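Visitor: Fold the stuff below for me.
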Amino acid sequence: MKELFTRQDSTKKPTIIVRQILDLIEKGELTPGEKLPNEFEIVKQTDVSRASVREAFSALELMGIIKRIPGEGTFISENAYAGKYTSRIILEKFLEDTESVGGSFEALEARMAIEPSVAVMAARRAEPEQIERIERLITDSEKALEAHDVEKFLDIDREFHIAVADATNNEILQKMSRELLEKADVHMWRRYKEDLGLLEKTVDAHKQILNAIKERDPAKAAFYSEKHLARCV
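Guide: Below you'll find the predicted structure:
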């Protein structure tokens with residue numbers, strides 16, 4: 001098999017693999033629909049750990065650059081640079097922010113799997129004072145947005161998701177949610193959200209989740225939670 005990847009210092013982060021794949025796509029050495037080498041082959045070619053390769057694949061899949069088909073392998077997406085991922089500059093900024101906060105794409109995948117279920121339980125169990133707390137956080141986030149204080153806005157964003165988890169009144173889910181938010185830091189999306197104008201949409205999504213919780217509608221809560229996370233990526 002032709003070696004596509006260059007050897008790297010094993011201490012390098014997963015973004016090295018992400019950038020190599022983006023470079024190969026731009027050069028035409030990897031084309032839409034083409035199958036990528038498996039994880040073991042990339043590890044062999046680069047000397048990067050398998051954990052780093054997995055993390056890179058998670059990032060690329062979330063970006064819509066690759067798709068993984070169970071039993072068949074990993075392929076370059078037919079729409080690798082279509083739709084919302086049209087700018088390499090935006091992707092580069094996103095990767096820089098992810099490195100600066102130590103963000104984890106695998107943790108983000110876990111959030112996407114767990115948070116809709118957290119919203120379901122919150123819709124069933126939230127106490128009035130917990131709903132009021134979520135409402136206050138949304139109001140605070142609107143004020144931060146009006147003041148163009150993105151750092152504060154993102155801090156409140158994290159507190160919103162913690163408040164929803166707390167509204168489950170389940171200590172294990174509360175702990176899991178906090179741990180995942182630490183690893184999939186909301187600040188990893190800062191410039192990405194700014195460049196694509198997603199900050200206002202974040203507030204709207206939070207309001208939809210809140211309304212579903214207030215209406216005691218678990219199906220809506222799950223739907224809007226999943227939609228919110230999918231829109232972020």
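Visitor: number of nearby residues for Arg178?
Guide: By other C-beta atoms under 10 Å, the residues close to Arg178 number 15. All C-beta spots, glycine's among them, are computed from the backbone N, C-alpha and C.
Visitor: Correction: the previous question concerned His148.
Guide: If we define neighbours as other C-beta under 10 Å, then His148 has 10 of them.
Visitor: I'd like the distance between it and Leu198.
Guide: 15 Å (C-beta to C-beta, to the nearest Å).
Visitor: and what of Glu146?
Guide: 16 Å.
Visitor: The closest residue to Ile131 other than its chain neighbours: neighbouring residues, count only.
Guide: The shortest distance from Ile131 to any non-neighbouring residue, by C-beta to C-beta, 6 or more residues apart in numbering, is to Lys214 (5.9 Å). Applying other C-beta under 10 Å, we find 15 residues neighbouring Lys214.
Visitor: so where is this structure shaky, pLDDT-wise?
Guide: Applying pLDDT under 70 to the chain flags the ranges 1-3, 5-13, 81-95, 97, 100-102, 189-196, 231-233.
Visitor: which stretches of it form helices?
Guide: Per DSSP state H, the chain carries helices over the ranges 15-26, 39-46, 50-63, 88-101, 105-125, 128-146, 150-166, 171-183, 190-195, 199-214, 218-232.
Visitor: any chance of these in TSV, plus distance to Ser77?
Guide: Converted to TSV, the helices of the chain look like this (distance: least, C-beta to C-beta, whole Å):
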stretch	distance to Ser77
helix 15-26	10
helix 39-46	17
helix 50-63	9
helix 88-101	14
helix 105-125	16
helix 128-146	32
helix 150-166	28
helix 171-183	25
helix 190-195	18
helix 199-214	23
helix 218-232	16
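Visitor: Could you say which one of those comes nearest to Gly33?
Guide: Closest approach to Gly33 among these (C-beta to C-beta): helix 15-26, 11.7 Å.
Visitor: Look up the closest residue to the most centrally placed residue in the chain, ignoring the ones flanking it.
Guide: Of all residues in the chain, the one closest to the mean position by C-alpha atoms, centre = their mean is Leu108, 4.4 Å from it. When the adjacent residues along the chain are set aside, Leu108 lies closest to Ala184, with 4.1 Å between them (C-beta to C-beta, 6+ apart).
Visitor: How about Ser141?
Guide: Leaving out its chain neighbours, the residue that sits closest to Ser141 by C-beta to C-beta, 6+ apart is Ile156, at 4.4 Å.
Visitor: List the buried residues in stretch 27-47.
Guide: For stretch 27-47, a neighbour-count test (16 or more other C-beta atoms under 10 Å) marks 30, 36-37, 39, 42-43, 45-46 as buried.
Visitor: what does stretch 69-77 give?
Guide: Under 16+ other C-beta under 10 Å, the buried positions of stretch 69-77 are 74-77.
Visitor: same question, stretch 20-29
Guide: Neighbour-count burial for stretch 20-29, counted by 16+ other C-beta under 10 Å, picks out 20-22, 24-25.
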